[in-house]
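Q: Return a 3D structure for these sequence lines:
(one chain, ligands or ions: 4)
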Amino acid sequence: MSTTTTEIGNAEIYSPLKVLQHPEFRILSPGEKPPSTANIAAFYNPAHEIHLVEKPKPKPGPGQVLLHVRATGICGSDVHFWQHGRIGDSMVVTDECGSGHESAGEVVEVGEGVTQWKAGDRVAIEAGVPCSQPSCDACRTGRYNACPDVVFFSTPPFHGTLTRWHLHPAQWLHRLPDNVSFEEGSLCEPLAVALAGIERSGLRLGDPVLVCGAGPIGLISLLSARAAGAEPIVITDLFQSRLDFAKKLVPGVRTVLIKRGTTPKEQAQEIKEAAGGALKLCLECTGVESSVHTAVYSTQFGGKVFIIGVGKNEQVFPFMHLSANEIDVSFQYRYANQYPKAIRLVAGGLIDIKPLVTHRFPLEDAVSAFHVAADPAQGAIKVQIQD
Ligand SMILES: NC(=O)c1ccc[n+]([C@@H]2O[C@H](COP(=O)([O-])OP(=O)(O)OC[C@H]3O[C@@H](n4cnc5c(N)ncnc54)[C@H](O)[C@@H]3O)[C@@H](O)[C@H]2O)c1
Ligand SMILES: OC[C@H](O)C(O)[C@@H](O)CO
Ligand SMILES: [Zn+2]
Ligand SMILES: [Zn+2]
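A: Ligands and ions are numbered 1, 2, ... in the order given. Coordinates of the predicted model:
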């Protein structure tokens with residue numbers, strides 16, 4: 001199969017079906033070793049398969065940049081789309097779809113009119129590209145995570161950035177300083193999620209904070225809350241190994257193991273004892289109903305439960321406890337305007353996200369990387385694919 005540059009241009013981003021229908025698109029046989037220049041990518045499909053595909057190497061059109069993707073982290077949502085085929089009612093896997101949205105890479109070629117980038121520049125790739133039209137309220141007012149026409153890579157139908165050659169609009173790339181690696185650049189995506197939550201939660205210096213869940217989002221929220229001056233911080237999880245990881249990451253954090261069979265009120269009691277009182281802010285990073293309840297019962301009068309985790313379509317809330325304690329409940333949907341801040345915090349040494357990467361795989365082994373990311377027994381926090 002040839003890997004010549006084609007005229008696919010914009011269609012690569014905006015018409016994912018054209019990629020699937022392109023004569024150079026094909027699913028690789030297991031164990032097949034494609035040439036090192038081939039545009040291979042990891043795709044999932046409605047049959048819950050994950051496999052390598054080869055797709056055409058795109059050519060940058062006006063305003064676009066062709067990137068060599070150098071590092072991509074696997075997000076829980078990539079695994080979820082592969083294994084469950086949907087997230088909620090609106091994001092449904094109906095065809096072959098490319099995975100990956102936590103990526104950083106190197107500029108290879110720029111399209112017409114692109115003056116800010118040149119070959120060799122190192123960038124973090126913002127995973128969601130909103131429409132940017134003046135007629136779009138969300139885009140015009142800067143809350144572009146609400147753009148109804150956003151192209152969010154790796155959310156069906158849009159193919160992901162877990163590929164060798166990726167086309168991206170020039171304005172939605174962020175320069176990496178020399179002291180920020182591709183690996184750290186790719187981690188700026190989940191960091192952007194946590195920072196958006198921290199910003200909207202109103203966290204202040206010295207606030208006592210609970211983080212529910214010590215997965216990648218909980219751990220990055222923990223690092224961010226620590227950098228923002230939260231004290232004390234308590235973190236929960238169902239697994240002692242994840243709490244041990246949290247303790248290594250932020251030695252001052254207090255940990256509470258959530259034991260199956262205990263009620264949210266009992267768990268909250270243990271959390272309040274660990275913190276020395278009720279918490280002003282709970283950053284909920286699991287989306288699990290019982291954990292949301294635990295967060296609610298751990299929160300002080302006038303405090304806030306800030307929910308970053310996503311979960312079941314419908315959940316019951318302890319309504320009267322929230323009411324009688326003036327507890328605010330807020331949610332985060334992806335992020336807007338967070339990448340520059342994320343890169344500054346990493347470059348400036350305020351947030352060290354490197355320890356989150358526990359496993360690294362070459363692009364050719366992306367399928368194995370997915371199996372490790374999906375198997376809790378492997379103990380992975382963040383699995384990275386590097387090229
Ligand atoms: N709001 C957004 O825009 C956004 C963006 C990215 C991820 N997310 C969501 O954030 C959540 C966390 O992401 P992640 O990648 O860290 O997921 P993850 O599944 O790797 O981690 C979740 C952690 O929560 C723990 N957990 C589960 N039930 C618990 C309970 N009852 N009490 C305490 N801990 C419990 C698990 O053991 C696990 O360690 C997911 O729901 C994910 O979909 C939301
Ligand atoms: O990091 C961003 C998240 O993973 C996405 O919102 C995804 O869950 C759905 O598109
Ligand atoms: Zn994600
Ligand atoms: Zn828009």
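
Q: what are the phi and psi angles of the residue located most distally from the centre of the chain?
A: Distance from the C-alpha centroid of the chain peaks at Ala324, with 34.8 Å (C-alpha atoms, centre = their mean). Dihedral pair for Ala324: phi -70, psi -10, per degrees, to the nearest 10.

Q: do the one 5 residues further on as well
A: Torsion angles at Val329 (phi, psi; degrees, to the nearest 10) stand at phi -120, psi 120.

Q: Same check on Cys139?
A: In terms of degrees, to the nearest 10, the main-chain angles of Cys139 are phi -70, psi -40.

Q: Now the helix or strand hosting Val19: buried residues?
A: Assigned by DSSP states H and E, Val19 falls within helix 16-21. By 16 or more other C-beta atoms under 10 Å, the buried positions in helix 16-21 come out as Pro16, Val19, Leu20. No exception for glycine: its C-beta is placed from N, CA and C like everyone else's.

Q: who does the next helix or strand after it pair up with?
A: Once the chain leaves helix 16-21, the next helix or strand it forms, by DSSP H and E, is strand 26-27. Here strand 26-27 is paired, per DSSP bridges, with strand 50-55 (antiparallel).

Q: Mind checking what helix or strand follows the strand it pairs with in sequence?
A: Later in the chain than strand 50-55, the nearest helix or strand by DSSP H and E is strand 64-73.

Q: how close does the residue farthest from the centre of the chain sit to Pro318?
A: Separation of Ala324 from Pro318 (C-beta to C-beta, to the nearest Å) stands at 10 Å.

Q: And Val123, by the same measure?
A: Distance of Val123 to Pro318, computed by C-beta to C-beta: 44 Å.

Q: What score does Val19 have for pLDDT?
A: If you check Val19, the pLDDT there is 89.

Q: what comes up buried for the host helix or strand of Ile343?
A: Per DSSP H and E, Ile343 falls inside helix 339-347. Buried positions in helix 339-347, judged by neighbour count with 16+ other C-beta under 10 Å: Tyr339, Lys341, Ala342, Ile343, Leu345, Val346.

Q: got the residue ranges for the helices in this structure?
A: For the chain, the helices defined by DSSP state H occupy 11-14, 16-21, 76-84, 137-140, 182-201, 216-227, 240-249, 264-275, 289-298, 319-324, 339-347, 366-374.

Q: got a markdown table for the ones you listed, with distance to Lys118 too?
A: Shown next, in a markdown table, are the helices of the chain (distance: least, C-beta to C-beta, whole Å):
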| stretch | distance to Lys118 |
| --- | --- |
| helix 11-14 | 21 |
| helix 16-21 | 27 |
| helix 76-84 | 31 |
| helix 137-140 | 27 |
| helix 182-201 | 17 |
| helix 216-227 | 31 |
| helix 240-249 | 37 |
| helix 264-275 | 51 |
| helix 289-298 | 47 |
| helix 319-324 | 53 |
| helix 339-347 | 19 |
| helix 366-374 | 29 |
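
Q: So for Pro157, which of these sits nearest?
A: Of all the helices of the chain, helix 16-21 sits nearest to Pro157, with 4.7 Å by C-beta to C-beta.

Q: just checking, what packs against the closest one?
A: With contacts defined as 3 or more C-beta pairs under 8 Å, 6 or more residues apart in numbering; DSSP states H and E, helix 16-21 has these neighbours: helix 11-14, strand 97-98.

Q: What average pLDDT does the longest one get?
A: Summarised as a single mean, pLDDT over helix 11-14 is 56.

Q: go on, stretch 145-154?
A: Stretch 145-154 carries an average pLDDT of 94.

Q: Close to ligand 1: what parts of the stretch 101-250 of the chain are there?
A: 193, 212-218, 236-239, 242 (C-beta under 6 Å from any ligand atom).

Q: Phi and psi next, for the residue in the stretch 251-387 of the chain positioned nearest to ligand 2.
A: Taking C-beta to the nearest ligand atom as the measure, the stretch 251-387 of the chain has Arg334 as its residue closest to ligand 2, at 4.7 Å. Taking degrees, to the nearest 10, you get phi 50, psi -130 for the backbone angles of Arg334.

Q: That one against Val193, yeah?
A: Yes. With contact defined as C-beta atoms under 8 Å, Arg334 reaches Val193; the gap is 6.7 Å.

Q: So those two - more neighbours on which side?
A: Neighbour totals were compared for Arg334 and Val193, and Val193 leads with 25 against 18 (other C-beta atoms under 10 Å).

Q: from what I can see that one touches Ile308, true?
A: Yes. In terms of C-beta under 8 Å, Val193 counts as a neighbour of Ile308; the distance is 6.6 Å.
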